[in-house]
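**Q** Attaching a predicted model along with its sequence, questions to come.
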Amino acid sequence: MKLSEYIKKMRMTKKDFAVDSGITLSTVNKYVYGTRIPRKEHMDIIVKETKGEVTPNDFYDSQVWSCLLSQCLGLSNKILGVQFLN
C-alpha cells in the first residue's frame, strides 16, 4: 500500500503522520509524492507506524523510476524496455 493510501485510509493528514512518526512534514511530503525514497531509518519507522501495511516495495514503481533513470542518465526508452506516454 502506498503511504498516501495509508494516510487516507486512516483518515489522517500528512502532518498527523509526520507528528506520529517523528519524520518532518517536508520529508513525509517527499515520500508521499514520490520525489524521495525513505532511507533505512525512516523506512523502519514507516513500516512500524503503519503496522506493516506500507512496505519498502511500496516506494518503488518501476515505470516511474525507469523514467527518472532515463532522464538522469540520458538513457533511451529502448535500453530500459519501458514505453513512456507523452
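**A** Structure's in. What do you need?
**Q** which residue sits closest to the most centrally placed residue in the chain in space, ignoring its chain neighbours?
**A** Centroid check for the chain by CA atoms, centre = their mean gives residue 59 as the closest residue, at 3.7 Å. Distances taken as CB to CB, 6 or more residues apart in numbering place residue 37 nearest to residue 59, at 4.8 Å, with adjacent residues excluded. In this view, the C-beta of every residue, glycine as well, is placed from N, C-alpha and C.
**Q** can you tell me which residues contact the one you found?
**A** 31, 59, 60 (CB atoms under 8 Å, 6 or more residues apart in numbering).
**Q** quick check, nearest of the residues you listed to residue 25?
**A** Using CB to CB, residue 31 is the member of the contacts of residue 37 that sits closest to residue 25, with 10.7 Å.
**Q** Give me the neighbour count for that closest one.
**A** For residue 31, the neighbour count with other CB atoms under 10 Å is 22.
**Q** element containing it?
**A** helix 25-33 (DSSP states H and E).
**Q** State the distance from the residue nearest to the centre of the chain to residue 7.
**A** 14 Å (CB to CB, to the nearest Å).
**Q** Now do the strands in the protein.
**A** Assigned strands in the chain: none (criterion: DSSP state E).
**Q** if we can go back for a sec, contact partners for the residue nearest to the centre of the chain?
**A** Going by CB under 8 Å, 6+ apart, residue 59 touches 3, 31, 34, 37, 38, 43.
**Q** of all those, which two lie farthest apart?
**A** Based on CB to CB, the longest span within the contacts of residue 59 runs between 34 and 43 and measures 14.5 Å.
**Q** Which pLDDT value goes with residue 86?
**A** We have a pLDDT of 45 for residue 86.
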